[in-house]
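*Asks:* the following block contains a protein sequence and its predicted model.
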Amino acid sequence: MKFYKDHYDVIVMGGALAGLSSALMLADKRLDILVLEQHNLPGGVATSFVRGGMEMEATLHEMMSIGPKGHRLKVGKFFDDMGVDIDWLPVPEAYHASLPGLEVTLHPGMERFAHEVDAAVPGTYDKVLALLNLCHTVMESVNVLSVTPMSKPKMLLKHEQFVKTAGYSAQEVIDTFDLPKEAVDLLSPYWIYVGNKLSDLPFTIYAFLMGDYVGYGSFVPHKFSHEMSLKMAERAEALGVQIEYRQRVEKILVKDGKVTGVRTARGDEIHADYVISSAYPNKVYTSMIEPLSEVPLGAIKMVNGRTIGLTAFSVNLLLDATSEELGIHDYSVFYGSTMDTDHIFENYNGLGPYEYVTCICLNLANPDCTPKGMCSYSITVLPRPEGWYNVTMDNYDETRRRIAGEMIDMMSAKNGVNLRDHIQEIVIETPMTVNRYTGAWNGCIYGYSHNMKDHVVARLQTIEKDKFIQGLEFAGAHGISGDGMGPQVTNGRKAAKNILDDLMAKEAAKK
């Protein structure tokens, strides 16, 4: 009996959130799908690991676009519609900002959030609420326009605020509200979730982030981020998707400008009409297309013209005391010596000491995530890949241990407890970890940077021109919606929709 069929409608390279979202959506339309995953489990970075006999979350801080039962947002609704039943737990606050002169916990809900900023910086309520309402309006427009192409007159008529702000940075729009610096600082911490300084971050991206997280709050899966990928894979197989693990794709086969299939590392040639790649276009267009003569010059120009986003350095700790005993009172804390995002962005170009970190105590959203009397605590920075280019095999261990130690000592001083005395287990994740485990280009978890020269609004306008090989789609952090686990689901759905639209067009042409 043959391991693979002679032909599939679609081959999905990668069984992480984006690839599995594509597979679910296509299988729901009765297409014949094969998912090839290089690891022995699905999920990519949406995973967990076991240390000392205890499971620990690997990456997820919080999920956006979920919403509570009965009031789902787009990602939560997709999971429900696809029959992927996940036990979502609400995150108790938006974040705690621990910045010079500020110790403020902020909660979801536009009015509540604005009141809390006003309590810390009196006289700012009306302006903060107006900014948040603008963010909500732009977010709603993005949700509509991402699935409903509209002519320019209709866009101007129905999405005026989206159009008016699309050409401006987050900093430029925020500045028009004439808020005190302390209030702006309190409105800025989420920049880390999109990985670009406010002066170069499109307001559209900032607005979507704030509209979603502040407007509706965030959630985490009860059984860690791996619950999402495992249940997605289980549901996909129930819908008829063939998922094969330990199968790495080495080549994407192309003839006369059209995909014909893939070749795996073990030599299997598998044929299909479409291929969805989780590998970055940088890797695909420089080394995975066979023959390379099928790669158009435009594809090389495109990847050379894009800027790779941030990577990750995270210290995951299992501590032998409760969060209360350790002086940890908030689920999510942004802590640093400054909220000047231009300065932080430059600081992230090196190898530390890093001046701005985000900390998560998972127990404060998911009390069952550790045995009683213990807590899960992570300290994370999102450095730029360039700073890690000169790290070698000889200095890698010393570098990662030094940086991890600096981050642990930083938060020990902040919390007033020596965290080193309470470490039961420690796992250090570096850009090299990400690259080795996922194959992500330069260890990047953030795809292509959304900046004022290249971001989602501009990419939507050139989306057809960026399709260089017929039948080849991309789904992952490098997709059009950018980084984050919620957007990965959206990126996977977008790749699937492109295929379904193409199939409909071909059917229409036959009639």
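*Replies:* Now that the structure is in, tell me what you want to look at. Note that the coordinates shown come from a computational prediction; the quantities given were computed from them, not determined experimentally.
*Asks:* what about the stretch 101-250 of the chain, any weak spots by pLDDT?
*Replies:* By pLDDT under 70, the low-scoring segments of the stretch 101-250 of the chain are 146-152, 154-156.
*Asks:* please point out which parts of the longest strand seen in the chain sit buried.
*Replies:* In the chain, with assignment by DSSP state E, the single longest strand is strand 269-277. Across strand 269-277, burial judged by 16 or more other CB atoms under 10 Å covers 270, 272-277. All C-beta atoms are positioned from the backbone trio N, CA, C, and that covers glycine.
*Asks:* export these as JSON lines, with columns for distance to residue 174.
*Replies:* Below are those laid out as JSON lines (distance: CB to CB, whole Å):
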{"residue": "270", "distance to residue 174": "50"}
{"residue": "272", "distance to residue 174": "47"}
{"residue": "273", "distance to residue 174": "47"}
{"residue": "274", "distance to residue 174": "42"}
{"residue": "275", "distance to residue 174": "42"}
{"residue": "276", "distance to residue 174": "37"}
{"residue": "277", "distance to residue 174": "37"}
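*Asks:* about what we covered before: in terms of secondary structure, what does the longest strand of the chain contact?
*Replies:* The contact analysis (3 or more CB pairs under 8 Å, 6 or more residues apart in numbering; DSSP states H and E) places strand 269-277 against strand 8-13, strand 33-37, strand 249-255, strand 258-264, strand 472-474, helix 485-510.
*Asks:* now what about that strand, what contacts it?
*Replies:* With contact meaning CB atoms under 8 Å, 6 or more residues apart in numbering, strand 269-277 is reached by 4, 6-14, 19, 22, 34, 36, 252-253, 259-264, 284, 288, 471-476, 492, 495-496, 499, 502.
*Asks:* pLDDT weak spots in the stretch 351-500 of the chain?
*Replies:* Within the stretch 351-500 of the chain, the segments meeting pLDDT under 70 span 461-462.
*Asks:* follow-up on the earlier one: what about the longest strand of the chain, average pLDDT?
*Replies:* Taken as a whole, strand 269-277 has an average pLDDT of 98.
*Asks:* tell me the strands beside that strand, with direction?
*Replies:* Applying DSSP bridges, strand 269-277 is found paired with strand 8-13 (parallel), strand 258-264 (antiparallel), strand 472-474 (parallel).
*Asks:* and the contacts of the shortest one?
*Replies:* Residues outside strand 472-474 that contact it (CB under 8 Å, 6+ apart): 22, 252, 254, 259, 274-278, 281, 284, 491, 495, 498-499.
*Asks:* and which of those residues is nearest to residue 106?
*Replies:* Set against residue 106, the nearest of these by CB to CB is residue 491 (28.5 Å).
*Asks:* ok, the closest one touching residue 485?
*Replies:* No: if you go by CB atoms under 8 Å, residue 491 and residue 485 don't touch, sitting 10.5 Å apart.
*Asks:* looking at those two, which one has more neighbours?
*Replies:* residue 491 (30 against 24; other CB atoms under 10 Å).
*Asks:* against residue 353, how distant is that one?
*Replies:* 34 Å (CB to CB, to the nearest Å).
*Asks:* likewise for residue 176?
*Replies:* Per CB to CB, residue 176 is found 35 Å from residue 353.
*Asks:* next: residue 447.
*Replies:* Residue 447 sits 27 Å away from residue 353, going by CB to CB.
*Asks:* compare the two (neighbour count), which wins?
*Replies:* Neighbour totals were compared for residue 447 and residue 353, and residue 447 leads with 27 against 14 (other CB under 10 Å).
*Asks:* quick one, what contacts that one?
*Replies:* Contacts of residue 447 were listed using CB under 8 Å, 6+ apart, and they are 280, 309, 476-479, 482-483.
*Asks:* if we go to 7 Å?
*Replies:* Counting by CB atoms under 7 Å, 6 or more residues apart in numbering, residue 447 touches 309, 476-479, 482-483.
*Asks:* state the phi and psi torsions of it.
*Replies:* Main-chain dihedrals, residue 447, degrees, to the nearest 10: phi 60, psi -140.
*Asks:* any idea how far it is from residue 434?
*Replies:* Here residue 447 is placed at a distance of 12 Å from residue 434 (CB to CB).
*Asks:* could you do residue 423 as well?
*Replies:* According to CB to CB, residue 423 stands 23 Å off from residue 434.
*Asks:* also residue 493?
*Replies:* Here the distance between residue 493 and residue 434 works out to 24 Å (CB to CB).
*Asks:* where do the strands of the stretch 1-150 of the chain begin and end?
*Replies:* 8-13, 33-37, 48-51, 54-57, 88-90, 95-99, 102-106 (DSSP state E, counting those that start in this stretch).
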